[in-house]
Structures are given as structure tokens and as C-alpha cells.
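1. for reference, the sequence and a predicted model appear below.
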Amino acid sequence: MLTLDRRLHTGPFLYVAVPLCSVVLALLVGAVFLAVNGFDPLVIYREMLTASFATRYGIEDTIVSATPILLTGLAAAITFRFKLYNIGAEGQLVVGGICAATAALMIGDTLSGPPAVLLVLVAGMLGGAAWMVVPALARIRLGTSEIITTLLLNYVAVLFARLLIFGSNTPLRDPTSTNFPQGTRIPSGTFLMEFGTSRIHLGFVIGCAVAVLVFFLLRDTRLGFRARVVGDSPGAARYAGINAPATALALLLISGALAGLAGASEVAGRAHRLDPNGLAVGFGYTGIIVAALALYNPLAVVPVAILLGGLANAGETLQSVSGLSVPSSISVVLQGAILIFLLAAEIFLHYRIRRVHRLPAGSAEGSP
């Protein structure tokens with residue numbers, strides 16, 4: 001008979017082994033999925049690895065894909081770690097993109113360089129945080145689940161962005177696009193800097209810097225201490241006089257701001273215009289997988305985002321490999337399998353399996 005005993009201490013080995021085992025098991029599931037559909041898993045995985053990490057263009061595409069999910073992963077990690085569940089990074093990213101594009105067009109040619117870029121990024125962060133205000137206040141004042149409110153607001157944000165470009169004549173819509181509506185191109189002075197001749201832009205560096213800042217924020221500041229106490233034991237937080245609602249509000253607003261920053265980096269670094277179809281492609285939901293796989297450690301979010309960015313890039317690249325015709329959904333299957341196995345394996349971080357020998361019927365416990 002097997003039983004679960006709660007661990008008094010979780011060693012660092014498990015924090016590495018559990019995510020790695022989840023990835024390996026997900027790859028095995030993906031291999032079965034490919035084999036059933038008539039593909040050679042070894043060939044497909046080799047092509048995916050080559051497409052994402054073995055060529056210059058593959059590495060560039062991987063980093064570009066990783067940039068928004070790095071920031072949405074941090075947005076999820078900073079709340080999920082303390083039992084606050086922001087499922088709305090997708091919508092906050094879109095609103096951040098709207099605000100960033102609006103700020104860039106308002107700046108126009110009057111300002112350029114770092115000051116203009118800073119204003120665009122701040123506008124995106126403020127937009128993401130503002131989109132979080134209603135769910136945060138509903139959670140704190142009314143006890144409404146932030147899971148429901150943030151999730152539903154995702155659809156509102158996406159439809160609002162589409163309205164601005166496809167359903168109205170706003171300054172965000174390019175009046176010269178006659179074939180198909182698209183966003184107005186923002187001034188070049190508000191672009192995020194690109195490195196050399198690559199498509200890798202400053203947004204990835206900003207994301208890495210934010211990961212370090214969030215790590216120290218949660219570890220070494222008063223807000224981080226209060227968040228740990230509230231997350232681990234709300235009763236102890238009340239006894240210690242910690243303002244739990246204010247702490248939750250701060251964490252949720254920071255989370256929204258980080259997701260908004262992801263939207264701003266996409267507008268200023270990749271699309272250079274408001275592109276609803278390019279923003280609403282699941283960056284927010286992938287960020288949740290990134291945060292879970294990183295076990296909500298901000299520093300671990302960086303390599304995990306690169307891994308998932310490579311996975312997303314490989315799924316698209318496989319479409320152009322002649323003779324394979326692999327469905328791009330393989331990357332989605334792998335992402336889902338990673339999350340499922342990780343959630344199932346997370347129990348081993350807190351419990352150990354112990355075998356208990358059942359006594360024969362009729363025997364007395366403790367008898368010789």
C-alpha cells in the first residue's frame with residue numbers, strides 16, 4: 001500500500017528534476033502523437049531543434065518569440081506564486097499594445113530616441129495595469145474570483161483592439177491601407193533598438209532585466225516579505241498586522257503592468273504598429289505555462305521562455321520543410337502536455353511516496 005507523506009524540506013534537486021521530467025514525458029507523448037499520425041518522431045524533433053537553436057535565423061526567431069512570453073511569464077509568476085491567479089495577461093498585453101501605439105503616434109516626430117521609447121513602454125505598462133484595476137478591486141472588495149474576471153476581460157480587450165483597426169476610422173488605423181485594414185505605422189524614433197542586422201530587439205534585454213528586478217523585489221523588499229506571508233498563511237498575516245488587500249492589489253497591478261510591457265515591446269520592437277491579430281496569439285496563456293515550468297521563480301522564467309519560444313518557432317518552421325507536412329499544432333500539443341505533466345508532478349515537490357506494509361487481518365499492531 002502506498003501513501004503520501006508531506007515533505008518537511010524540498011531539496012534543490014527536486015526543483016530541477018520535476019520540470020525536466022515533465023518536459024521529457026511531454027516529449028514522449030508528442031512522439032506517440034507523431035508516430036500515430038505516420039511521422040518519425042526522431043526526425044521531427046531533430047528538425048525542430050535545428051530550426052530553433054542551430055541556425056542564426058532560428059536563434060533570432062526563437063529570441064523574438066521568447067520576448068513577449070518572457071514578460072507574460074513574469075506577470076503570471078508574480079501572482080501565481082502567492083495564490084493570486086491572473087489569467088488575463090493576454091488582454092493586458094493587448095491593451096498595453098493599444099496604449100503604446102497611441103503614445104507613439106501622439107509623440108510623432110516631436111521626440112525620438114530613449115525618451116520617446118521610455119514613454120511608449122511606460123504607456124504600455126500603465127495600460128496593462130489599468131486593465132487589471134477592475135479584477136483586482138473586485139477580488140479585494142467583493143471577493144470575486146480574479147480567474148473569471150481576468151479571463152473574460154481578455155476577450156473584451158481583443159475585440160476592442162479589432163474594433164480600433166477593422167471596425168472604425170481611428171488614428172490607429174492606417175488610412176492608406178486600401179486592400180486590408182492595418183494599424184498606422186508608428187514613428188521610427190519610437191522603435192526599440194535592434195542588435196546589429198538581427199531582428200532581436202531591446203525588448204528581450206528589458207525582459208531579462210525585469211526578471212532580475214522582480215527576483216530581488218520578491219526576495220529583498222517589504223512588499224516581497226508581505227507577499228510571502230500572505231501567500232503562505234493569511235491567518236499569520238492578519239495576526240502580524242499585514243494589510244493583505246493592499247499587498248494583493250500591488251501584486252496584481254504589477255502583474256498587469258508587466259503584461260502591458262509585453263504588448264508595448266511587441267508594438268515598438270516587432271510590429272511597429274497596432275496589430276490585433278499579431279498580439280492576440282496566445283502569448284498570455286503561454287506565459288502561464290512558462291511560469292509554471294519555472295516553478296514561479298523569476299530568474300528561471302528566462303530560460304524557460306527561450307525553450308517555449310523555440311518550441312513555438314519550430315512549430316511554424318516545420319511547415320516550410322519539404323516532405324514533412326507536420327501540423328503546426330504539434331507545438332501546442334507539446335506545450336499542453338508539458339503543463340499537464342508539470343501540474344501532476346508538482347505533488348512530488350511537497351510530498352514523498354512511502355510504502356506501508358499492511359498488517360495481516362486479525363493481528364494486533366505492535367505485537368511481536
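-> Looks like it arrived, so ask away. Worth saying up front: this structure is predicted, and the values here are computed from it rather than measured. Numbering: from 1, shown residues only.

2. contacting residues for the nearest residue in space to residue 271 that is not next to it in sequence?
-> Leaving aside its sequence neighbours, residue 271 sits nearest to residue 278 (C-beta to C-beta, 6 or more residues apart in numbering; 5.3 Å). In short, each C-beta sits where N, CA and C put it, glycine included. Contacts for residue 278 (C-beta atoms under 8 Å, 6 or more residues apart in numbering) come out as 266, 270-271.

3. for stretch 37-50, buried residues please.
-> 39, 44-45, 47-48 (16 or more other C-beta atoms under 10 Å).

4. hang on, the earlier thing: ranking the contacts of residue 278 by neighbours, who comes first?
-> Within those, residue 266 tops the neighbour count with 31 neighbours, counted by other C-beta atoms under 10 Å.

5. how about it, secondary structure?
-> Of the three states, residue 266 takes helix under DSSP: H, G, I helix; E, B strand; the rest coil.

6. give me the number of residues near the closest residue to it other than its chain neighbours?
-> Among residues not flanking residue 266 along the chain, residue 68 sits closest, at 5.5 Å (C-beta to C-beta, 6+ apart). Using other C-beta under 10 Å, residue 68 is surrounded by 31 other residues.

7. what about the helix or strand where residue 68 lies, average pLDDT?
-> Residue 68 belongs to helix 56-80 when elements are defined using DSSP states H and E. When pLDDT is averaged along helix 56-80, the result is 92.

8. buried ones in the following helix or strand past it?
-> Sequence-wise, the next helix or strand downstream of helix 56-80 (DSSP H and E) is helix 89-107. Using 16+ other C-beta under 10 Å as the test for burial, helix 89-107 gives 89-105, 107.

9. helix 89-107 versus helix 56-80: what angle between them?
-> For helix 89-107 against helix 56-80, the angle by axes from the mean of the first three to the mean of the last three C-alpha atoms, to 10 degrees is 110 degrees.

10. show me what helix 89-107 is packed against.
-> helix 56-80, helix 114-137, helix 146-166, helix 244-266, helix 276-279, helix 283-293 (3 or more C-beta pairs under 8 Å, 6 or more residues apart in numbering; DSSP states H and E).

11. what angle separates that helix from helix 146-166?
-> Counting by the same axes, to 10 degrees, helix 89-107 lies at 40 degrees to helix 146-166.

12. any idea how far helix 89-107 is from the chain center?
-> Chain-centre distance of helix 89-107: 18 Å, with C-alpha atoms, centre = their mean, to the nearest Å.

13. do the same with stretch 194-214
-> Counting by C-alpha atoms, centre = their mean, stretch 194-214 comes out at 16 Å from the chain centroid.

14. who's in contact with it?
-> 56, 60-61, 63-64, 66-68, 70-71, 74, 77-78, 117, 121, 191-193, 258, 261, 265-266, 268-270, 298-299, 301-302, 305.

15. which of the residues you listed count as buried?
-> Applying 16+ other C-beta under 10 Å to those flags 60-61, 63-64, 66-68, 70-71, 74, 77-78, 117, 121, 191-192, 258, 261, 265-266, 268-270, 298, 301-302, 305 as buried.

16. related to what we said a few turns ago, and the helix holding residue 68, what other elements does it pack with?
-> Right, helix 56-80 is packed against helix 41-53, helix 89-107, helix 202-220, helix 244-266, helix 283-293, helix 298-317 by 3+ C-beta pairs under 8 Å, 6+ apart.

17. can you tell which of the helices and strands packed on helix 89-107 is closest to residue 23?
-> Among the helices and strands packed on helix 89-107, the nearest to residue 23 by C-beta to C-beta is helix 283-293 (7.6 Å).

18. having no further points to raise, I will conclude here.
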